[in-house]
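Enquirer: Following is a predicted model, sequence given first.
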Amino acid sequence: MGTTQLESVPEPKYWHLKTVLSEALDSEFAVGEILPNERDLAARFGVARATLRQALEQLELEGRLQRRRGVGTTVAPPRMGVAVGSAQGTWPGEAGDAWQPADSEPALPPAEVARALDIDPDEPVHVVRRTRVSHGQPVAAELLYVPAASVPDLSAIDAPAGAARARAVLRELGRLALEGQDRSVELGSARADDAKALDRLPGAPVLVVTTRFLADGRTAALSMATYRADTCRLTFGDQGAVEIHHGPEQQAS
């Protein structure tokens, strides 16, 4: 396709440019291919670099592009289908859970987590870190906050640290009778630690799924799972479970 100069259009120029770029991605680039630099792209389409950045950011948000640390902007693969949360009525870490425990350590919870758990902000909780990999790449990172009251029989001697400690926390948590779950989803920006875990740049768009696990009439644990927005599209199933699909005709795996 030759150089395309943008004429005056009723829609924002960056939005029209996004459409032109999307057509170019379909016809000229393969999945994983690196795009030319911003200066060359801006010159090709006759737009300011600020306009180009807006269009690229929108395409990244829609899952057409990925910005990879140390590589540049590449054409994204199709969005992947992965079940997001554990099924209704199951604790994290039970059979069929695709998350991999990484480690666990005691820490003071963020203020909003302490409020959700209805505990004092100065009360340490067990923070379990878990990751999710699909098709060979990281798609999500989770922080699971578990108050000490939810795992009163946890022994520091049996599993002092690391993945073994995380599994011990999950095992003890699973001894409670789960009464229910509720979830919320919001669009956010990757923090530095999330970006590192997900191989993204800080500030990249992410989907944050917050799940409260209810037992004994209280919030027994709180999960905050951060998903890559460039690879995940969320829908809600008939029973309220969140699923991710990578195409309109694909089923969640």
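Expert: Okay, I see it. Quick caveat, the model's predicted, so the values are computed rather than measured.
Enquirer: what does stretch 129-139 rub up against?
Expert: Residues outside stretch 129-139 that contact it (CB atoms under 8 Å, 6 or more residues apart in numbering) are 77, 80, 82, 92, 98-104, 140-144, 166, 197-199, 225, 227-228, 231-232, 253. Yep, even glycine has a C-beta here, placed from its N, CA and C like the rest.
Enquirer: Generate a ChimeraX selection restricted to the buried subset of these.
Expert: A single ChimeraX command selects the buried members of the contacts of stretch 129-139 (16 or more other CB atoms under 10 Å):
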select :80,82,92,99,101,104,140,141,142,143,144,166,197,198,225,227,228,231,232
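Enquirer: I figured Thr231 was touching Glu62, is that so?
Expert: No: with contacts counted by CB atoms under 8 Å, Thr231 stays clear of Glu62, the gap being 11.5 Å.
Enquirer: Stretch 47-60: how far from the chain's middle?
Expert: Centre-to-centre, stretch 47-60 and its host chain are 23 Å apart (CA atoms, centre = their mean, to the nearest Å).
Enquirer: make that stretch 37-56, sorry
Expert: Worked out by CA atoms, centre = their mean, stretch 37-56 lies 28 Å from the chain centre.
Enquirer: Kindly report the same for stretch 94-103.
Expert: That offset, for stretch 94-103, works out to 16 Å (CA atoms, centre = their mean).
Enquirer: among the contacts of stretch 129-139, which are in strands?
Expert: Counting by DSSP state E, the contacts of stretch 129-139 place 82, 100-104, 140-144, 225, 227-228 in strands.
Enquirer: And the residue nearest to the spatial centre of the chain, how far from Asp120?
Expert: The centroid of the chain falls nearest to Tyr227 when counting by CA atoms, centre = their mean (0.8 Å). Distance of Tyr227 to Asp120, computed by CB to CB, to the nearest Å: 30 Å.
Enquirer: how deep is the closest residue to Arg171 other than its chain neighbours tucked in, by neighbour count?
Expert: Nearest residue to Arg171 in three dimensions, chain neighbours excluded: Gly93, at 7.1 Å (CB to CB, 6 or more residues apart in numbering). Other residues lying near Gly93 total 19 when counted by other CB atoms under 10 Å.
Enquirer: Surely Gly93 touches Gln100?
Expert: No: contact criterion CB under 8 Å: Gly93 and Gln100 do not qualify, at 10.2 Å.
Enquirer: Out of the ones in strands among the contacts of stretch 129-139, the closest to Arg183 would be?
Expert: Within the ones in strands among the contacts of stretch 129-139, proximity to Arg183 (CB to CB) peaks at Ala225, which comes in at 9.5 Å.
Enquirer: Quick check: bridge partners of the nearest residue to that closest one once chain neighbours are set aside?
Expert: Closest residue to Ala225 apart from its sequence neighbours, by CB to CB, 6+ apart: Glu142 at 4.2 Å. With DSSP bridges as the criterion, Glu142 is bridged to Arg130, Ala225.
Enquirer: I'd like the distance between Glu142 and Trp15.
Expert: Here Glu142 is placed at a distance of 34 Å from Trp15 (CB to CB).
Enquirer: same thing with Ser22?
Expert: From Ser22 to Trp15 the distance is 11 Å (CB to CB).
Enquirer: out of these two, which sits in the busier spot?
Expert: Ser22 (16 against 13).
Enquirer: shaky segments in the chain?
Expert: The chain contains residues with pLDDT under 70 at 1-11, 79-89, 156-159, 233-253.
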